Structures are given as C-alpha cells and as structure tokens.
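Undergrad: Pasted the sequence and its predicted model underneath.
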Amino acid sequence: MYRKEVIDVISKEEEMEKIKNEILNCKKCPLHLSRTNAVPGEGSINSLIMFIGEAPGRNEDVEGRPFVGAAGKLLTSLLEDIGLDRKEVYITNVIKCRPPNNRDPTQLEIKTCSPYLDRQILLIRPKIIVTLGRHSTKYLLEKNGITFTSILRIHGASFNLRLDTFNFLMIPTLHPAAALYNPKLINILKNDFNKIKNKLEEITGQREKVGLEKFF
C-alpha cells in the first residue's frame, strides 16, 4: 500500500513536469514569438485549492513565475490573511505566455492554450478553484454552459462545476490588479477571500490555520 502511494505521487509529479516542459517549449500560437519565458504555474500539486489568473504580465514573463509583480504581492498578502502560504496552493493562468503590452488574451489564444490548464486541473484535482478576474471565470463557466455576465455581479459566489468527469467548486473574485488600479475594490477581495477560507474550513473540518497537504 505504501509503495503504491509513493508510485502515484511520483507519477503525478512526473506528469506535471511533462506538462511544464510542453508549455515551456510551446509554439502553438504567435505569443511564443514575443515572450521571454512561458509561465506554467507553481505551487503544491497536492493542494485542495487552485488559483487561476488570466495571463502573465511583464514581471512574470521575465521570471517565468506567476504573480510575482505588484498583483502577486497583493495575492500573497490575501492568502496570508486567511492563513495560507502560497507554497501550499497552486497558482497558474489560463494563458501561459504574456500578451504584448499586457493586452487581454484573445479567444483564439485562450482556445489554443487552455488545454494545458485543463490538464493541470485534472492532475491536481482541487476541491476549490478560485478564478481571479473575468477571463478565467468566463472560461470555466462557459465550459459548463453557463453564460458569463460580469465579475462584479458574481464575485464571491460558489459554482458547482465539472471538467470532464471531475467535479469542483469554483469561487470567482476580482483579479488583484484591479484593486491596485482602484483601491476601493480591496475590501471586495478581502471579503471574497474570507468566503474562500470558510469553504476550506467546511471541507477540512478545521477552524484554525488550514494546512492543506496534511489532508491527503
């Protein structure tokens, strides 16, 4: 039994490494021509929770890591406020390469790149997916036949969604960058993260700090 569990963990790590290498060498759309680095994602592949943004920005493109700029610092702070270390969660984007001048990703780019995200979700199998901003929210909702309206209308709500045969809870919230442009939105983010904390506590049965990996 112990041996089988070890083999399963090793296989999971090997599969994530395979996905990562495919992303780093991807040339499926023109974004590879202008990128410095592709940004596959990072964090625990055994986490109960996964955070999905829209696309890398300038800092992420330089470092090859998600959410390392000002928005990333805010995300880290929001996580710490609810008792989470960002190493305990998995963080990625719908689009793995930076669009020029930080423009919005196109529908074609999302269609081309999103199979990588799908594979990451199905490998990690998180209980909760938190979508950061409209693009990741719209992608997962429409994949389930639900029309996306506005992130300000549905932020903090809970959606029971499915990817293939895998079921998960999605909680949409604003992209942290939105609160940097408009500081009045920070309270919305903080309230949504408290809702995320409550959902995690429901799942784990813990009322203290949520140590995610111990539940596997």
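TA: Received, thanks.
Undergrad: Low-confidence ranges, the protein, go.
TA: 1-10, 206-216 (pLDDT under 70).
Undergrad: top strand in it by residue count?
TA: Assignment by DSSP state E gives strand 166-173 as the longest strand of the chain.
Undergrad: Show me what that one is packed against.
TA: Contact analysis of strand 166-173 by 3 or more Cβ pairs under 8 Å, 6 or more residues apart in numbering; DSSP states H and E lists helix 107-124, strand 128-132, helix 134-143, helix 151-154, strand 159-163, helix 186-204 as its packing neighbours. C-betas here are computed from N, CA, C, even on glycine.
Undergrad: next one: the third one to chain centre, how far?
TA: For helix 134-143, the separation from the chain centroid amounts to 12 Å (computed by Cα atoms, centre = their mean, to the nearest Å).
Undergrad: On the three-state scheme, the residue minimising distance to the centre of the chain is what?
TA: The residue lying closest to the centre of the chain (Cα atoms, centre = their mean) is Ile52, at 2.1 Å. Using DSSP: H, G, I helix; E, B strand; the rest coil, the structure places Ile52 in strand.
Undergrad: Could you pull up the residues touching the residue nearest to it when sequence neighbours are not counted?
TA: The shortest distance from Ile52 to any residue other than its chain neighbours is 4.2 Å, reached at Ser136 (Cβ to Cβ, 6 or more residues apart in numbering). Residues near Ser136 by Cβ atoms under 8 Å, 6 or more residues apart in numbering: 52-54, 93-94.
Undergrad: which residues are in contact with the helix or strand following the longest strand of the chain?
TA: Of the helices and strands lying after strand 166-173 in sequence (DSSP states H and E), the nearest is helix 176-181. If you take Cβ under 8 Å, 6+ apart as the criterion, helix 176-181 is touched by 57, 67, 70-72, 74-75, 78, 132-133, 185-186, 188-189.
Undergrad: Pull out the buried members of those residues.
TA: 57, 67, 71-72, 74-75, 78, 132-133, 185-186, 188-189 (16 or more other Cβ atoms under 10 Å).
Undergrad: Cool, thanks, talk later.
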